[in-house]
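[1] Here is my input, please return the structure:
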Amino acid sequence: MAKKIAVAIHKGGVGKTTTAKNLAAALAQAGKTTLLVDLDEQANATKGLGVDPAQLPVTLNHLFMNPDLAPSSAVLTTLIDGLHLIAGHPDLSRTETGMATLRGTDPTAPDPIDALKGILAELDDRYDFIILDTPPSLGYMTINALAAADELLIPAAASAYSQDGLARTIEAYERAVKSYNPSLKLRGILVTRFKRTNASSAVFDGIGEAYSDLIIPQLIVESTAVDEAEQLNQPVVLYDPESPAAQGYKQVAEILIHG
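    Residues are numbered from 1 along each chain as shown. The predicted structure follows:
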């Protein structure tokens, strides 16, 4: 049975998708069969693995819209051995709106919160890890991820206003545990985009003071290799495995594997 990890925070620009993509790739490189599921309408995790969602016959959105489709029909191989992908698509935004509308107008309909959980149930035995990349918001796509996940990993950039997003995401986690996924665990906070500057260090110190028991003991250092890899639609762990960021993601993957 796969360990399902949602990567989520209510804030953009923190390296969330970069984290999801690179952790999935690093887990696969470590010999763990891994599925990356892209729940973001921007589909950046999908594009970041060299896949154009507009050219695909089946994406995650099709699975949400048509329960009769086999989830395996949306699974793609990637350039990394052992890493598979279920692609995101811009139409996920309309599907998310439809979920919210359905929830408000038809209480007898199946709960849309559990849609992703049902999809993943048919794939669970095929993987060691399933990584869920979410939008930078706490809408129905992120709620679906929290409902389906075993663990939540929160990436927080060492930059201004990160603590606001952290607080709201932890509140969402607590609601999930109380209402629709009591077994969900908070794996921890991964500090990303760390720069060796006074401002970055101050933010890191502030996060550490507020959430000292939740910080994962590995920083992701800001690296030009990440931007270069993004331009080439590759994970940095593949593009430049010796870069500081790649080494950081590999260390976090080891932490996830071993406990």
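[2] Would you tell me what the next helix or strand after the helix or strand bottoming out on mean pLDDT in the chain is?
    Lowest by mean pLDDT, DSSP states H and E among the helices and strands of the chain is helix 198-210, with a mean of 71. For helix 198-210, the following helix or strand on the C-terminal side (DSSP states H and E) is helix 224-231.
[3] Which elements pack onto the following helix or strand past that next one?
    Sequence order places helix 236-239 as the next helix or strand after helix 224-231, per DSSP H and E. If contacts are counted by 3 or more CB pairs under 8 Å, 6 or more residues apart in numbering; DSSP states H and E, helix 236-239 sits against helix 16-29, helix 224-231, helix 244-258. Every residue, glycine included, has its C-beta placed from N, CA and C.
[4] Residues contacting helix 236-239, please?
    18, 22, 25-26, 29, 79-80, 223, 225-226, 228-229, 232, 243, 245-246, 249-250 (CB atoms under 8 Å, 6 or more residues apart in numbering).
[5] Just give me how far that helix sits from the chain centre.
    18 Å (CA atoms, centre = their mean, to the nearest Å).
[6] Give me the mean pLDDT for that helix.
    Mean per-residue pLDDT for helix 236-239: 96.
[7] And stretch 33-46, by the same measure?
    For stretch 33-46, the mean confidence score works out to 97.
[8] That stretch spans what distance, first to last residue?
    18 Å (CA to CA, to the nearest Å).
[9] what do you get for stretch 47-57?
    Start-to-end, stretch 47-57 (CA to CA) is 15 Å.
[10] Could you list the buried residues of it?
    K47, G48, L49, V51, P53, L56 (16 or more other CB atoms under 10 Å).
[11] Tell me the one among those nearest to T33.
    Nearest to T33 among the buried residues of stretch 47-57: L49, at 15.8 Å, using CB to CB.
[12] Pretty sure that closest one sits against T78.
    Yes: under the criterion of CB atoms under 8 Å, L49 makes contact with T78 at 5.0 Å.
[13] helix/strand/coil for P110?
    Using DSSP: H, G, I helix; E, B strand; the rest coil, the structure places P110 in coil.
[14] should've said R187
    R187 ends up strand, using three-state DSSP.
[15] Any idea how many residues pack against it?
    Residues within reach of R187, counting by other CB atoms under 10 Å, total 20.
[16] Same question for D125.
    Count around D125 with other CB under 10 Å applied: 8.
[17] And the nearest residue to it once chain neighbours are set aside, what's its pLDDT?
    Closest residue to D125 in three dimensions, ignoring its sequence neighbours and counting by CB to CB, 6 or more residues apart in numbering: M1, at 6.4 Å. Here, the pLDDT recorded for M1 equals 89.
[18] cool, and D114?
    For D114, pLDDT reads 94.
[19] what's the distance between it and F64?
    12 Å (CB to CB, to the nearest Å).
[20] Which one's more surrounded, the two?
    Set D114 next to F64 and count neighbours by other CB under 10 Å: F64 wins out with 25 against 16.
[21] Enumerate every residue touching the more buried one.
    L92, T95, A115, L116, I119.
[22] a markdown table please, covering those and showing distance to V191, secondary structure and neighbour count.
    A markdown table is the format used below for those (distance: CB to CB, whole Å; DSSP: H, G, I helix; E, B strand; the rest coil; neighbours: other CB atoms under 10 Å):
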| residue | distance to V191 | secondary structure | neighbour count |
| --- | --- | --- | --- |
| L92 | 28 | helix | 23 |
| T95 | 32 | helix | 20 |
| A115 | 32 | helix | 21 |
| L116 | 27 | helix | 27 |
| I119 | 31 | helix | 21 |
